[in-house]
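*Asks:* Predicted model and sequence follow; I will ask about them next.
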Amino acid sequence: MTQTPGMARSGRRSPWGVGIYRRPSWFLYILPALAVYVAFMAFPLLSSLKLSFYSGSGFTLDTFVGFDNYVRLFADADVAPRFWGAFGNTWVFFFVHMLVQNTLGLMFALILSDKRLRGAGFFRTVIFIPTTLAIVVTGFLWKLMLDPNFGPINLLLDRVGLGALALPWLGLEETTLPIISLVSSWQWVGIPTMIFTAALQSIPEDYFEAAQIDGASGWQVTRLIKLPIIVPMMGVVGVLTFTGNFNAFDVVYSMAGANGAPNYAADILGTYFYRTGIAGKHPVGIPDMGLGAAIATVTFVTLLAGVMVIRRLTMGRK
Amino acid sequence: MKRARLILSVAMALVLVAGAAAQTITVGSWRTDDVAQWKGLIADFNKSYPGIEVRFDPTNPPDYNATLRLQLESGTGPDVFYARSGDVGKTLFKDGFMFDLSAEPFMSKFDAASKFFWQSDDGRSFGMPLFAISQGIYYNVKLFRDYKIAIPQTWEELLAAAKTLKSKGVIPFANGTKDEWDINEVLFQTLAPTYVGGAAGRKALESGAKKWNDASVAAVFSAVKDLSPYLPRGYAAVDYNSSKVMFQLGKAAMMFDGSWTIPEHMKAAGLEYGVFAAPAPKGMKRAQVFHADTGIAINPKSKNVAAAKTFVAWLVSDAGIASVAENFTGFFPMAKASKAIPFSNPVVKSFLAMNDGVETDVRFSWTRLNTGNPSGYDLITANTIAVLGGKKTPKQAADDFAAGLAKWYVY
């Protein structure tokens, strides 16, 4: 997974036979990084994996239960609906980000990288500002904006005669998750914008001059030169969005609480994991850590599979 | 200048040494809002016991139970800590994380009914009752005066008052459902004792003498439904804090809430407010929630058990009770002697007056229903919201409540 495609192709000849690998001292160079990786990444990951096969009271998990936690997660009549609900909601959350955040990011980048645009720096700053704010702050601000009685959004709708559309946005099962996804997209749109802008600016000027001589239109330049060149960057943005969304927690927590209210409509894997594995359910508040570890493992496997698919789709091309 | 700094640092070092020499106990709590109150209490305590330093160390409320459990299991728990009543407390005691207080002399200062909620099934005490809380309906005195509304004595009068207020463009009740816990704890559980028939009615349900979808349970949901036209516009997106703000700004005339909110309302400029009991329908006897909320337990692994006991015993001494009553507005000390405290805050007095001549009980779901899957607590929340939104009839809500409990509840 960490191999680059180039290495994979040259892999037929054993990498152990070349250069530095012949001397055993190469191992010393990766030792510090390896030690940090094992201590802070691999070990917690594996012990969490192990926890998912255990059960017990409170924080002492001492009973080996095999796949029982997974069976409950996928099939128990009271547990499974919560898990599948959160799983499905996370996909919705992800697709809204892909559709809104990344499409807008690409459009902004195309506009910002156009040399004819004046004040590009100003617009870039404006687009990037929300990214620098804490989610707790943006979540709170948007909650105020969306307040059903005193929020500016509903007041505006009332003022222009669209009072019927002044909904309790964060109180309806149908609107809560899309709204929260949009708020999150609004906050993070600066990241794809920045990545795409950087990629577009690195395209050599010669290509555009050649295209100009051949009489290509603006749209043709975009479609046939700019977009194909930044496809690998789309992969990077896709991977970042995917991992970010499947690990997301804070924006839902700040706008819909730990339950993803109302009626779990905005519950995503992050909040479900928090409720199950860390805080426990109100008012009892004792976590089920084995089940929580099972959720974490499923999230990890989903992430691994998803990242591999996205990379295959976007990195394979030359 | 240099010398002053030197003297200062020497003085500070001396203070530190003195502090380390004295006994220190930490108090774990779920009340991050009560830091100032505890400061006052600790100052009073230190007047009698200057040698014991008390540190109040609260945890973010939703994380309290889990954090406390983790601390206790890893041996880093506080010496003295807030104890939940009922099931949650019992579990910690069973697992050996609470000192058995049954034989302690200070326990004799409570009557059996108060002690009950911090006792194991075999009658051993794991927590000393510290506070009870009360719940009712806050109202805006000025709005009631302006629209000539008298304090409702029956449920019918309450609905009539709400109707009048709504016709004047005032939001009758500020409550919403976005945060979920409040619609359960301060609305449903405020109404429940009256309709199920107080503690006796609750016990009849718990023992199986009555079914969980009994007409009395459906009646609570039916009362909830009565209120639905009188909640704020878009109440589904109104959270607990917005509700309080709406009430404090005078946009809403009433709010179901608990006595713990008094200090916040006291700070609201220009708010003239009072409180009355949620009235019973005509011909029905009212029962009042007086919830055994906070107990105090001692960590058996504490290095300062003696100091911890001294502190806990002081809390129910005459000086301690007076200090609790003075510092913790909206929380009611539970010792027998506390009945004689002359409270000065009029709203506190109104809350206590609600208990006069009626039966009181803890919150309906707190004794047996908060554990289990699905918990009775979650079933109440979901069905209360469903009834308010018109997605279920009160009868269907009661049936769903009973069906959920049938999955795990053992009589």
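*Replies:* Happy to help now that I have it.
*Asks:* Determine the longest helix present in chain A.
*Replies:* For chain A, the longest helix by residue count, based on DSSP state H, is helix A:289-315.
*Asks:* and it with chain B, contact?
*Replies:* No - legend: contact between helix A:289-315 and chain B by C-beta under 8 Å from any C-beta of the partner chain is lacking; minimum distance shown is 9.7 Å. C-beta coordinates here come from the backbone N, C-alpha and C atoms, glycine included.
*Asks:* And that helix, what's buried?
*Replies:* Under the neighbour-count criterion of 16 or more other C-beta atoms under 10 Å in any protein chain shown, helix A:289-315 has A:289-299, A:302-303, A:306-307, A:310-311, A:314 buried.
*Asks:* Do me a favour and average the pLDDT over that helix.
*Replies:* Averaged across helix A:289-315, pLDDT comes to 93.
*Asks:* How far off centre is that helix?
*Replies:* 12 Å (C-alpha atoms, centre = their mean, to the nearest Å).
*Asks:* separation between the residue positioned nearest the centre of chain A and A:Trp188?
*Replies:* The C-alpha lying nearest the average C-alpha coordinate of chain A belongs to A:Gly244 (C-alpha atoms, centre = their mean; 2.3 Å). According to C-beta to C-beta, to the nearest Å, A:Gly244 stands 7 Å off from A:Trp188.
*Asks:* okay, and the common contacts of these two?
*Replies:* For the pair A:Gly244 and A:Trp188, residues contacting each of them under the criterion C-beta atoms under 8 Å, 6 or more residues apart in numbering or on different chains are A:His97.
*Asks:* Once you drop chain neighbours, what's closest to the residue in the stretch 1-150 of chain B positioned nearest to chain A?
*Replies:* Evaluated by C-beta to the nearest C-beta, the stretch 1-150 of chain B has B:Asn65 as its residue closest to chain A, separated by 3.2 Å. Distance criterion C-beta to C-beta, 6 or more residues apart in numbering or on different chains; nearest residue to B:Asn65, sequence neighbours excluded, is A:Gly285 at 3.2 Å.
*Asks:* same thing with A:Leu144?
*Replies:* With C-beta to C-beta, 6+ apart, the residue lying closest to A:Leu144 is A:Gly151, at 6.2 Å.
*Asks:* The residue of the stretch 1-150 of chain B closest to chain A and A:Val284 touch, don't they?
*Replies:* Yes - here B:Asn65 lies in contact with A:Val284, judged by C-beta atoms under 8 Å, at a distance of 6.7 Å.
*Asks:* what about B:Met254, helix or strand, and which?
*Replies:* Under the assignment given by DSSP states H and E, the secondary-structure element containing B:Met254 is strand B:252-258.
*Asks:* Report the buried residues of that strand.
*Replies:* By 16+ other C-beta under 10 Å, the buried positions in strand B:252-258 come out as B:252-258.
*Asks:* which two in the residues you listed are spaced the farthest apart?
*Replies:* Taking C-beta to C-beta as the measure, the buried residues of strand B:252-258 reach their widest spread between B:Ala253 and B:Gly258, a distance of 18.3 Å.
*Asks:* quick one, what contacts A:Val38?
*Replies:* When contacts are counted by C-beta under 8 Å, 6+ apart, A:Val38 is found next to no other residue.
*Asks:* So it belongs to a helix, correct?
*Replies:* Yes - remark: A:Val38 belongs to a helix, assigned using DSSP: H, G, I helix; E, B strand; the rest coil.
*Asks:* and residue 221, what is it in contact with?
*Replies:* No chain specified, so I'll use chain A. A:208, A:211 are the contacts of A:Val221 under C-beta under 8 Å, 6+ apart.
*Asks:* my bad, chain B
*Replies:* Counting by C-beta under 8 Å, 6+ apart, B:Phe221 makes contact with B:383-384, B:387, B:394, B:397-398.
*Asks:* show me where the stretch 201-318 of chain A has helices.
*Replies:* When assigned using DSSP state H, counting those that start in this stretch, the helices of the stretch 201-318 of chain A occupy the ranges A:205-213, A:218-221, A:227-229, A:231-246, A:250-256, A:269-273, A:289-315.
*Asks:* Run the angle between the fourth one and helix A:289-315 for me.
*Replies:* Spelled out, that is helix A:231-246. Between the direction of helix A:231-246 and that of helix A:289-315, the angle (axes from the mean of the first three to the mean of the last three C-alpha atoms, to 10 degrees) works out to 170 degrees.
*Asks:* can you check the first one too?
*Replies:* Orientation note: helix A:205-213 sits at an angle of 50 degrees relative to helix A:289-315 (the same axes, to 10 degrees).
*Asks:* buried ones in helix A:205-213?
*Replies:* So, applying 16+ other C-beta under 10 Å, buried residues of helix A:205-213: A:Ala211.
*Asks:* starting at the chain centroid, how far to that helix?
*Replies:* In this view, helix A:205-213 has its centroid 36 Å away from the chain centroid, taken as C-alpha atoms, centre = their mean.
*Asks:* where does residue 187 fall, helix, sheet strand or coil?
*Replies:* Because you didn't say which chain, this covers chain A. helix.
*Asks:* got any residues that touch both of B:Asn65 and A:Val284?
*Replies:* With C-beta under 8 Å, 6+ apart as the test, B:Asn65 and A:Val284 both reach B:Val88.
*Asks:* Need the pLDDT of residue 163.
*Replies:* In the absence of a named chain, this looks at chain A. Looking at A:Gly163 specifically, the model assigns a pLDDT of 86.
*Asks:* my bad, the chain I had in mind was chain B
*Replies:* Turning to B:Lys163, the model gives it a pLDDT of 98.
*Asks:* Now do the strands in the stretch 51-200 of chain B.
*Replies:* B:52-58, B:80-84, B:128-140, B:171-173 (DSSP state E, counting those that start in this stretch).
*Asks:* Would you mind giving those strands as CSV with distance to B:Asp378 added?
*Replies:* Shown next, in CSV, are those (distance: least, C-beta to C-beta, whole Å):
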stretch, distance to B:Asp378
strand B:52-58, 26
strand B:80-84, 17
strand B:128-140, 20
strand B:171-173, 23
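*Asks:* To A:Ile127, which of those strands lies closest?
*Replies:* strand B:171-173 (38.9 Å).
*Asks:* mean confidence score for the closest one?
*Replies:* The model assigns strand B:171-173 a mean pLDDT of 98.
*Asks:* number of nearby residues for residue 194?
*Replies:* Here I'm looking at chain A. Other residues within reach of A:Met194, judged by other C-beta atoms under 10 Å in any protein chain shown, total 18.
*Asks:* was after chain B, sorry
*Replies:* A count of neighbours around B:Thr194, defined by other C-beta under 10 Å, yields 28.
*Asks:* Equivalent analysis for the one 3 residues further on, please.
*Replies:* Look at B:Gly197: counted by other C-beta under 10 Å, it has 20 neighbours.
*Asks:* Please identify which helix or strand holds the nearest residue to it once chain neighbours are set aside.
*Replies:* What sits nearest to B:Gly197 in space, not counting adjacent residues and going by C-beta to C-beta, 6+ apart, is B:Ser216, at 6.4 Å. Here B:Ser216, judged by DSSP H and E, is contained in helix B:215-227.
*Asks:* The helix or strand just after that helix near chain A at all?
*Replies:* Sequence-wise, the next helix or strand downstream of helix B:215-227 (DSSP H and E) is helix B:240-248. Yes - shown here: helix B:240-248 in contact with chain A (C-beta under 8 Å from any C-beta) through B:242, B:246.
*Asks:* so which strand or helix has B:Lys203?
*Replies:* B:Lys203 is part of helix B:198-207 when elements are defined by DSSP H and E.
*Asks:* what's that helix packed up against?
*Replies:* helix B:189-196, helix B:215-227, strand B:359-361 (3 or more C-beta pairs under 8 Å, 6 or more residues apart in numbering or on different chains; DSSP states H and E).
*Asks:* what about whichever helix or strand comes after the last one, near chain A?
*Replies:* In this case it means strand B:359-361. Tracing the chain C-terminally past strand B:359-361 and defining elements by DSSP H and E, one meets helix B:376-388 next. Yes - with C-beta under 8 Å from any C-beta as the threshold, helix B:376-388 lies in contact with chain A, specifically through B:377-378, B:382, B:385.
*Asks:* okay, the residues you listed in a markdown table with pLDDT and neighbour count next?
*Replies:* Shown next, in a markdown table, are the residues of helix B:376-388 next to chain A (pLDDT from 0 to 100; neighbours: other C-beta atoms under 10 Å in any protein chain shown):
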| residue | pLDDT | neighbour count |
| --- | --- | --- |
| B:Tyr377 | 95 | 24 |
| B:Asp378 | 94 | 22 |
| B:Ala382 | 96 | 22 |
| B:Ile385 | 97 | 25 |
